[in-house]
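**Student:** sequence-free structure coming up:
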């Protein structure tokens, strides 16, 4: 089966290199009628940006990436990407900064992976920073990341910025959902049910459930079901730090 990759990286501005690559490969697809093609362009923010761009044909397959769940794509299979396993995170560091550097301080390397929340973007950022600063030890980076107030600021390297990625999702949810996220981030519990969301906002349970689910769709809350099948929500550690730092509106 052929595979057509549609990899979008939208951040509010056009990457000219990706833009022209997309045009060239799109023309190649239609002119040469190749069943397999690679496209690079925008990171998808909504289904309205996808529908008009998808090629037709039974031999085409498309991969679309987005921080939000694109539930409106008919016939699409939705796959949630979870934080990386610790060993996979270490493999990323080995590949980008060298196995010898990781082996020199394996304890610090594992701590770096954990402090990045095992997020691919976070690991890529720290790897880029370490590669640019060969005189830095992993222990020095750990020391900088241990400060919760400065951690998100450390996870930035040029155009790669984890905090800005979270901020883009935060701005797209409703004001009431943003309020809930800020207030919930100060709770000293690992996870909570929907009625907690309703309680902090002083709204009916159904409204609290809808707000919680909107935050899940925006990838600002994680969700799991308890033994009775009822959803319980929790923060990723870096999202909690981000939410606590947001000003009131």
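**Tutor:** Looks like it arrived, so ask away. In this text, all values refer to a predicted model and were calculated from it rather than measured experimentally.
**Student:** tell me the helices in the chain, going along the chain?
**Tutor:** Using DSSP state H, the helices of the chain run over 16-32, 86-97, 99-104, 106-115, 120-132, 138-145, 148-154, 162-172, 175-184, 194-201, 205-217, 237-244.
**Student:** For the ones you listed, which has the smallest mean pLDDT value?
**Tutor:** For those, mean pLDDT drops lowest on helix 16-32, to a mean of 51.
**Student:** Would you reformat the helices of the chain as CSV and include mean neighbour count?
**Tutor:** Glycine gets a C-beta too; all of them are placed from N, C-alpha and C. CSV is the format used below for the helices of the chain (neighbours: other C-beta atoms under 10 Å):
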stretch, mean neighbour count
helix 16-32, 13
helix 86-97, 17
helix 99-104, 14
helix 106-115, 18
helix 120-132, 19
helix 138-145, 17
helix 148-154, 15
helix 162-172, 18
helix 175-184, 19
helix 194-201, 18
helix 205-217, 19
helix 237-244, 20
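**Student:** Between these, which one is closest to residue 231.
**Tutor:** Closest approach to residue 231 among the helices of the chain is made by helix 194-201 (6.6 Å; C-beta to C-beta).
**Student:** Domain boundaries for this protein, per the record?
**Tutor:** 4-63, 86-164, 174-244 (automatic domain parsing).
**Student:** quick one: which of the ones you listed is nearest residue 76?
**Tutor:** domain 4-63 (8.6 Å).
**Student:** Switch the helices of the chain over to JSON lines; also include distance to residue 79.
**Tutor:** JSON lines is the format used below for these (distance: least, C-beta to C-beta, whole Å):
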{"stretch": "helix 16-32", "distance to residue 79": "22"}
{"stretch": "helix 86-97", "distance to residue 79": "16"}
{"stretch": "helix 99-104", "distance to residue 79": "29"}
{"stretch": "helix 106-115", "distance to residue 79": "22"}
{"stretch": "helix 120-132", "distance to residue 79": "14"}
{"stretch": "helix 138-145", "distance to residue 79": "29"}
{"stretch": "helix 148-154", "distance to residue 79": "26"}
{"stretch": "helix 162-172", "distance to residue 79": "18"}
{"stretch": "helix 175-184", "distance to residue 79": "24"}
{"stretch": "helix 194-201", "distance to residue 79": "25"}
{"stretch": "helix 205-217", "distance to residue 79": "15"}
{"stretch": "helix 237-244", "distance to residue 79": "20"}
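**Student:** closest one to residue 227 among the ones you listed?
**Tutor:** If you check each of those against residue 227 by C-beta to C-beta, helix 194-201 wins as the nearest, at 16.3 Å.
**Student:** Which other helices and strands does that closest one contact?
**Tutor:** helix 175-184, helix 205-217, strand 231-234 (3 or more C-beta pairs under 8 Å, 6 or more residues apart in numbering; DSSP states H and E).
**Student:** Dump those to CSV, plus distance to residue 90.
**Tutor:** Listed next are these as CSV, based on distance: least, C-beta to C-beta, whole Å:
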stretch, distance to residue 90
helix 175-184, 31
helix 205-217, 29
strand 231-234, 25
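**Student:** Looking at those, which is nearest to residue 197?
**Tutor:** So among the helices and strands packed on helix 194-201, helix 205-217 is nearest, using C-beta to C-beta, at 4.0 Å.
**Student:** Quick one: residues contacting the spatially most central residue of the chain.
**Tutor:** Centroid check for the chain by C-alpha atoms, centre = their mean gives residue 67 as the closest residue, at 5.5 Å. Residues near residue 67 by C-beta atoms under 8 Å, 6 or more residues apart in numbering: 43, 165, 168-169, 218-219.
**Student:** again, 7 Å this time
**Tutor:** Applying C-beta atoms under 7 Å, 6 or more residues apart in numbering, we find residue 67 in contact with 165, 169, 219.
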